[in-house]
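A.B. asks: A predicted structure for the sequence below; I have some questions about it.
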Amino acid sequence: MNLLLDADETRFRDEVRGWLHDHAPRGSRPTEGPELAAFDQAWQKQQYDAGWAGINWPVEHGGRGLSLSQQLIWYEEYARARAPHIGVNFIGLAHAGPALMDSGSEALRQRHLRRILRGEEIWCQGFSEPGAGSDLAAIGTRGVVDGDSLVVSGQKIWTSFAHLADWQELLVRTDPASQRHKGLSWVVCDMRTPGITVRPLRTISGRWHFAEVFYDEVRIPLDHVVGGLGNGWKVAMDTLAWERGTAFVAEQIDLARAVDRLVEDARHATGPDGLRAAIAHEDIAEQLAELRAQVRALRAMTMASISRIAATGVPGPEASIIRLYFSELYQRVRRLALRVSGADALAHGDDHEAWGWSYVDSLRYTIAAGTSQIQRNIIGERILGLPRMR
């Protein structure tokens, strides 16, 4: 990949940088509840109205259809501008929308895609269950065909923003005789349908982002099945490929910024011996240097992955290497921050910039989007050619 911008890309970067400078919200983003939803939806609509929504969505579905290099520029500038996270819009933009584009009926595309891009619909993901989190193929929530409806009963858990969502991408087992990946169906579920109960969950970080969702003979129109009955696993896996492109760059830039902030904190914080600055301790200075080098290694791996995607058009299993490396590096940064900051890490409550809260929040990174164990299995089986685990 050529990392030097040509004249057109430089002009594009300047356009992006100028627009974000003038329009990115500067106030504090609410932490939860309807206020958070309203903030995220308003920012998404502002981007849509200005022509910046769906930069990686095809033009025929309302997006910008930007090249990989332009997407990379957008996410880099977005992170540098410290623009808000897409928050409640994530599942719609990165999961449900792409699934509908790839496998949904024209009626479902017309109904949802532009509403997602405008921030008018909040989506949540109904995948994980109490007995099927890391092992998604073990889900047991069932969907029974009854006339022109699918009758769903069961339970989902760790459903982000379910208490705020209008719609859900729901994975259910529609063939009771099936096992594992077979017999699953991907369904568009209206969260206002009778029989759905949502119970918010408070996490260790103190936030109410997750929820349990219970389904008691919930009737979903059969034409809300995406990709056909029994093809849900393929739809779900194809959708995950959309997460493995350039959007991840913004998180990496944030991580690099966190390391730089930690270095500055180490210059001013008193070290473990109570006599010198933390950075004057050889082991702390060495760890800081390693973290900086690891952030740059992560960036190099990501650029190589994006280059391969540009050449082949298909994300590969190498994305699991990047995800695993990032999630564990993210936690290493926070652990060292606790050592550098000492008791001061507990200050500032649930401020997401505070090292104490950030460390607690980091624990989810080796669970969400596939645990570290799952990522290692993918690497071992699909890249190293090791035997499949049974």
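C.D. replies: Now that the structure is in, tell me what you want to look at. A quick note: this is a predicted structure, and the numbers were derived from the prediction, not measured. Residues are numbered from 1 along each chain as shown.
A.B. asks: and the end-to-end length of stretch 186-195?
C.D. replies: The first residue of stretch 186-195 is 19 Å away from its last residue (CA to CA, to the nearest Å).
A.B. asks: buried set for that stretch?
C.D. replies: Using 16 or more other CB atoms under 10 Å as the burial criterion, the residues of stretch 186-195 that qualify are Trp186, Val187, Val188, Cys189, Met191. Using the backbone N, CA and C atoms, a C-beta is placed for each residue, glycine as well.
A.B. asks: can you check stretch 50-59 too?
C.D. replies: Buried positions in stretch 50-59, judged by neighbour count with 16+ other CB under 10 Å: Trp52, Ala53, Gly54, Ile55, Asn56, Trp57.
A.B. asks: point out the least confident one among these.
C.D. replies: For those, the least confident position by pLDDT is Asn56, scoring 86.
A.B. asks: count of neighbours near Ala289?
C.D. replies: By other CB atoms under 10 Å, 11 other residues sit near Ala289.
A.B. asks: check what pLDDT Ala247 gets.
C.D. replies: pLDDT at Ala247 comes out at 61.
A.B. asks: now Asp351
C.D. replies: The predicted structure scores Asp351 at 56 on the pLDDT scale.
A.B. asks: and stretch 250-263, how far out from the chain middle?
C.D. replies: Its chain's C-alpha centre lies 18 Å from the corresponding centre of stretch 250-263 when counted by CA atoms, centre = their mean, to the nearest Å.
A.B. asks: give me the contacts around it.
C.D. replies: Residues from elsewhere that reach stretch 250-263 (CB atoms under 8 Å, 6 or more residues apart in numbering): 75-76, 78-80, 279, 288, 291-292, 295, 298-299, 302, 326, 329-330, 333, 336-337, 340, 358.
A.B. asks: and it, which residues are buried?
C.D. replies: Counting neighbours by 16+ other CB under 10 Å, one finds that the buried residues in stretch 250-263 are Ala250, Glu251, Gln252, Ile253, Leu255, Ala256, Ala258, Val259, Leu262, Val263.
A.B. asks: now it - C-alpha only, PDB.
C.D. replies: Backbone C-alpha positions of stretch 250-263 (Å, rounded to 0.1, in the frame of the first residue of the first chain) are rendered in PDB as follows:
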ATOM      1  CA  ALA A 250      -9.800   5.100  14.500                       C
ATOM      2  CA  GLU A 251      -9.600   2.900  17.600                       C
ATOM      3  CA  GLN A 252      -5.900   2.400  16.900                       C
ATOM      4  CA  ILE A 253      -5.300   6.200  16.700                       C
ATOM      5  CA  ASP A 254      -7.100   6.600  20.000                       C
ATOM      6  CA  LEU A 255      -4.900   3.800  21.500                       C
ATOM      7  CA  ALA A 256      -1.700   5.600  20.200                       C
ATOM      8  CA  ARG A 257      -3.000   8.800  21.800                       C
ATOM      9  CA  ALA A 258      -3.500   7.000  25.100                       C
ATOM     10  CA  VAL A 259       0.100   5.700  25.100                       C
ATOM     11  CA  ASP A 260       1.300   9.300  24.500                       C
ATOM     12  CA  ARG A 261      -0.800  10.500  27.400                       C
ATOM     13  CA  LEU A 262       0.600   7.800  29.600                       C
ATOM     14  CA  VAL A 263       4.100   8.800  28.800                       C
END
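A.B. asks: I'd assumed Val198 was in a strand, is it?
C.D. replies: Yes - the assignment for Val198, made by DSSP: H, G, I helix; E, B strand; the rest coil, places it in a strand.
A.B. asks: for it, give me its contacts.
C.D. replies: For Val198, the residues meeting the contact criterion (CB under 8 Å, 6+ apart) are Thr159, Ala162, His163, Met191, Ala211, Glu212, Val213, Phe214.
A.B. asks: switch to 7 Å and redo it
C.D. replies: The contact partners of Val198, by CB atoms under 7 Å, 6 or more residues apart in numbering, come to Ala162, His163, Ala211, Val213.
A.B. asks: any idea what it is bridged to?
C.D. replies: Legend: beta-bridge partners of Val198 under DSSP bridges are Val213.
A.B. asks: export the buried residues of stretch 50-59 as JSON lines, with columns for secondary structure and distance to Ser320.
C.D. replies: Formatted as JSON lines, the entries for the buried residues of stretch 50-59 read as follows, by DSSP: H, G, I helix; E, B strand; the rest coil; distance: CB to CB, whole Å:
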{"residue": "Trp52", "secondary structure": "coil", "distance to Ser320": "30"}
{"residue": "Ala53", "secondary structure": "coil", "distance to Ser320": "29"}
{"residue": "Gly54", "secondary structure": "coil", "distance to Ser320": "26"}
{"residue": "Ile55", "secondary structure": "coil", "distance to Ser320": "24"}
{"residue": "Asn56", "secondary structure": "coil", "distance to Ser320": "20"}
{"residue": "Trp57", "secondary structure": "coil", "distance to Ser320": "24"}
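A.B. asks: got a ChimeraX select line for the buried ones in the contacts of stretch 250-263?
C.D. replies: Paste this into ChimeraX to select the buried members of these, with burial taken from 16+ other CB under 10 Å:
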select :75,76,78,79,80,279,288,291,295,298,302,326,329,330,333,336,337,340,358
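A.B. asks: quickly list the domain ranges of this protein.
C.D. replies: According to automatic domain parsing, the chain is divided into the following domains: 7-117, 123-229, 247-383.
A.B. asks: for the ones you listed, give me CSV that also has distance to Val235.
C.D. replies: Listed next are the domains of the chain as CSV, based on distance: least, CB to CB, whole Å:
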stretch, distance to Val235
domain 7-117, 5
domain 123-229, 4
domain 247-383, 16
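A.B. asks: for Asp238, find the nearest of those.
C.D. replies: domain 7-117 (5.7 Å; CB to CB).
A.B. asks: and the helix or strand where Leu291 lies, which residues are buried?
C.D. replies: Using DSSP states H and E, Leu291 maps to helix 282-312. Neighbour-count burial for helix 282-312, counted by 16+ other CB under 10 Å, picks out Ile284, Gln287, Leu288, Leu291, Gln294, Val295, Leu298, Met301, Thr302, Ser305, Ile306, Ile309.
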